[in-house]
Every structure is written in structure tokens, then in C-alpha cells.
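Visitor: got a predicted structure plus its sequence, pasted below:
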Amino acid sequence: MTYMDEFEEEERGDRQPGHHLALAGILGALAVCAVSAVCAILPLHHPSFACGLAPLVTAGAVAIVLARLKNRYRSTATRARAVSDTVRRVLLRPLPKRIGALGIASVYRPCGGRGEVGGDLYAVARTGGATRLIIGDVCGKGLPTFEDVAAVLGAFREWAPRAATLTELSGRLEESFLRHLAETEDGARDTDERFVTALLLEVPDGERHVRMVNRGHPPPVRAHRGSVALVSCCSSPPLGLHGLQDLGADEDCFELAAGDALLLYTDGLIEARDASGHCYPLLERAPAWNWIRQDTARHQSLPDALSEILQDLVAHAGALPEDDLAMVALTRVPDAAALPRPAGQAGRESDGQLQTD
């Protein structure tokens, strides 16, 4: 069992369903009534026998009922998690471990833990001799945000291989998401609060530079030549803000040489708080990560790197974040090995941990 397996088990164990306790209370009251009734009916003939046997029979009956209810609850919860995991994997497809000039690893954990869906998203696509990626965060949490996630991912998969530039791709995503908002109504959510922060990247196979469009998303962390820093960029408005849709988006460019590493993430990472209310100090912690240091970066796998970050996050906050969390780590591999891999070689990720083939 891995570190994150153990943590998820502890977390699930702390969330026992309240209706089980209420049901136990009801059954306990019924048991008392049953005991009282038996003792009232039989005392004339066998008072000691009746009052001694009745509690044992009643307790056994209550134990059987509770065991069956518990098994039924577990079976229902298992089926619900299976359906949720399947839906999420169909929409939020696992990223390939290798594509174009990149090695990639990812982790996704919705705020409700295993079997839940959330508002974070990521995807990757090939266009010509380049790889395009998106990581985003829909405003809100949980199931209500999943419809907006589907709209953004659908638009990205349609336009990422076709748009001539990242700015054009950004504009297409904006148009598609606004059309989605116009066609769907959710009385429980204000349309003005339905927006998506997104980071778009384009990594050419044979170049050292990466193009980026930031739509209100946290900037990536880059490990470059043994140092770590946020990638500076011009941030444009998030997708879906009607009043700002005419502002467009600016494209930035930065270097990503062979051996460099890049961490993309959602705000579930940087907004995780400790007991004193302090947010996770990303730039303070990052230099200590093994994958950042020049002498070990080439020997540290990307899945292990994300596991290291998650453990550091839990050490800071004392628990996994209450918000949705998605992270994508990538590195440029030597050009000689920069070949697209078949889709079937995608890695598998789960809530809070990574599994590889």
C-alpha cells in the first residue's frame, strides 16, 4: 500500500455515514421496547428465563440487521464510485507518459476524494510538430462544475489540432464556452460566476522555446539550470467573463531546454492552508524538491515528483486539500527520443496518487 493509499483509507474511515448512527439509535430503541414486551408477557411463568433470553435474542437480531445495512451501503457506495470513476475517466482522459518532445505525469484529486468529480481539468493534443496542453479550473466545486468541465475539454479537443496559433485556440475556447453558457441554465449558479481559468501551452518538438497563453490561471513553476521560479507572463481574463471577452489574450514565450521541468497546477495546491491559516508556500518549498535539483533531476521520475509534492502538501496542511487539485509535471526529453507514443501507453492516475503501467 502506497503513502496516498494509506492516507485515503484514513480519510474515508473518518467519514462514517451519519445515518448509520441514527439507524442504530432507532434499532436500539426498538430493542428496548422488545425486551420490555417480552419481560411483561412472560414473567408469570419464567421471569428470570424470559428477561435473560430476550436481550440476547434482540441484540442478535439488531446485529444482523446492522450488518446487512452496512453491506448494502458498501455495495451501493462501491457501485457509485465505479460509475463516477468511469465517467471521469471518459471525460478527463489519462495523459500519455510520453508525447512529442515531452515526458508527462499528472495527478487529479477532486475535493470529495475518491468517487467524486470536480472542476479541475487537463488535456493534451498534437498539432503538426508540436504538443498543446491545457490545465484549467472551473469556478466552483463538485458535481455542478462538471458540465462546464465537459464543455471546455470538448472545445479543446476539437480546436487544439486545428487552430493556427495559441491565441486563436484561446479565442475558440472563449466562443465555445460562452455559447455553452447561453445554452445551459442553472438556477442554483449565477452565470456571472461561471468562468474558467486556463493555461494553454504549445511545445514544439525541435525548439527550446514554449509558447503560452494564460487566462487568469496560476503561472507554472519552472526548474531551469538548477534553479526554480514562476514563469512570468501576461495574464488575460478567464474564459466566460462576458464583460471582458473583447480583451482577447496575449501570447508569451519562455525557454524549456532538455532536462528542464515544468509544474502546472490548480489553486488547490497554493491555497491549501495550515493550522494557522497560512497558504502553502510554493516557491519556498519548491527548491527542496528532489526533482528540482540539477544533480538528481534526471534520476527522479515525474510520478515520484508529484508524489513528493503531495506528501509535502500534506505535511504543511495536515491533510489533503479541501479544494479540487490537479497537477501536471512535464519535462523536455532529448530530441532523438522525441517521438509520439501510442495512446495505449497512457499512464493511469487516481485520486491523490499515480499508478504507471
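Guide: Nice, thanks for sending it over.

Visitor: quick check: Gly277 vs Leu302, distance?
Guide: With distances taken as C-beta to C-beta, to the nearest Å, Gly277 is found 31 Å from Leu302. For every residue, glycine as well, the C-beta is placed using N, CA and C.

Visitor: neighbour count for those two, which is higher?
Guide: Shown here are Gly277 and Leu302; by other C-beta atoms under 10 Å, Leu302 has more neighbours (23 against 6).

Visitor: for that one, which non-adjacent residue is spatially closest?
Guide: Ala105 (3.4 Å; C-beta to C-beta, 6 or more residues apart in numbering).

Visitor: what's in contact with the helix or strand hosting Ile104?
Guide: If you go by DSSP states H and E, Ile104 is part of strand 102-109. With C-beta atoms under 8 Å, 6 or more residues apart in numbering as the test, strand 102-109 has contacts from 92, 94-98, 118, 120, 122, 124, 131, 203, 268, 301-303, 305-306, 310, 320-321, 324-333, 338, 347, 349, 351-354.

Visitor: ok, of these, which come out buried?
Guide: Neighbour counting by 16 or more other C-beta atoms under 10 Å classes 92, 94-98, 118, 120, 122, 124, 131, 203, 268, 302-303, 305-306, 310, 320-321, 324-333, 338, 347, 349, 351-354 among the contacts of strand 102-109 as buried.

Visitor: picking that back up, show the subsequent helix or strand relative to the strand holding Ile104.
Guide: Counting by DSSP H and E, what follows strand 102-109 is strand 120-127.

Visitor: show me what that next one is packed against.
Guide: Applying 3 or more C-beta pairs under 8 Å, 6 or more residues apart in numbering; DSSP states H and E, one finds that strand 120-127 contacts strand 102-109, strand 130-138, helix 146-159, strand 325-332.

Visitor: do you know which of the ones you listed lies nearest Ser176?
Guide: helix 146-159 (3.7 Å; C-beta to C-beta).

Visitor: then the closest one to PDB, C-alphas only?
Guide: Output of helix 146-159 as PDB, limited to C-alpha atoms (Å, rounded to 0.1, in the frame of the first residue of the first chain):
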ATOM      1  CA  PHE A 146     -18.600  19.100 -14.200                       C
ATOM      2  CA  GLU A 147     -20.900  20.300 -17.000                       C
ATOM      3  CA  ASP A 148     -18.600  23.300 -17.600                       C
ATOM      4  CA  VAL A 149     -15.500  21.000 -17.500                       C
ATOM      5  CA  ALA A 150     -17.000  18.900 -20.300                       C
ATOM      6  CA  ALA A 151     -17.700  22.000 -22.400                       C
ATOM      7  CA  VAL A 152     -14.100  23.300 -22.100                       C
ATOM      8  CA  LEU A 153     -12.500  19.900 -22.700                       C
ATOM      9  CA  GLY A 154     -14.700  19.200 -25.700                       C
ATOM     10  CA  ALA A 155     -13.800  22.500 -27.300                       C
ATOM     11  CA  PHE A 156     -10.100  22.000 -26.600                       C
ATOM     12  CA  ARG A 157     -10.100  18.500 -28.200                       C
ATOM     13  CA  GLU A 158     -11.900  19.900 -31.300                       C
ATOM     14  CA  TRP A 159      -9.800  23.000 -31.800                       C
END
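
Visitor: let me know the pLDDT of Gly154.
Guide: As predicted, Gly154 sits at a pLDDT of 94.

Visitor: ok, now Arg225?
Guide: At Arg225, the model reports a pLDDT of 78.

Visitor: and it, how many neighbours?
Guide: 10.

Visitor: again with His209
Guide: By other C-beta under 10 Å, the residues close to His209 number 13.

Visitor: ok, it - contacts?
Guide: By C-beta under 8 Å, 6+ apart, the contact list for His209 reads Cys253, Phe254, Glu255, Leu256.

Visitor: ok, back up a step: what are the bridge partners for the residue nearest to Leu302, then?
Guide: Ala329 (DSSP bridges).

Visitor: let me know the pLDDT of it.
Guide: For Ala105, pLDDT reads 93.

Visitor: ditto for the one 5 residues further on
Guide: You'll see Pro110 listed with a pLDDT of 82.

Visitor: thank you, goodbye.
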